[in-house]
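Chemist: Quick one: sequence and predicted model below, then my questions.
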Amino acid sequence: MNFGYSGILGLLILAGDIWAIINIFQSSASNEKKLLWILVVVLLPLLGLILWFFLGPRDRKA
């Protein structure tokens, strides 16, 4: 079974997507925004993860 670099990269992206989805569920955003972000992350795994990281809902603690 040859994993190679693509297998490791795929696992890292999967782990990042799972982390993003958990954080989306825990955010205080509306349910519609949560659903939209989850769809973006699931349908566009790498791009969705990057977009969510920079543009996604955040709980501002200040």
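Modeler: All right, it came through fine.
Chemist: so where is the protein shaky, pLDDT-wise?
Modeler: 1-4, 59-62 (pLDDT under 70).
Chemist: which SS class is the closest residue to Ser27 other than its chain neighbours?
Modeler: Sequence neighbours aside, Pro57 is the residue nearest to Ser27 in space, at 4.5 Å (criterion: CB to CB, 6 or more residues apart in numbering). Just so you know, the C-beta spots here come from the backbone N, C-alpha and C atoms, and that holds for glycine as well. Counting by DSSP: H, G, I helix; E, B strand; the rest coil, the backbone at Pro57 sits in coil.
Chemist: longest helix anywhere in this protein?
Modeler: helix 4-26 (DSSP state H).
Chemist: Enumerate every residue touching the nearest residue to Trp37 once chain neighbours are set aside.
Modeler: Using CB to CB, 6+ apart and skipping residues adjacent in sequence, the residue nearest Trp37 is Ile24, 4.9 Å away. Residues in contact with Ile24 (CB atoms under 8 Å, 6 or more residues apart in numbering) are Lys34, Trp37, Ile38, Val41, Trp52, Gly56, Pro57.
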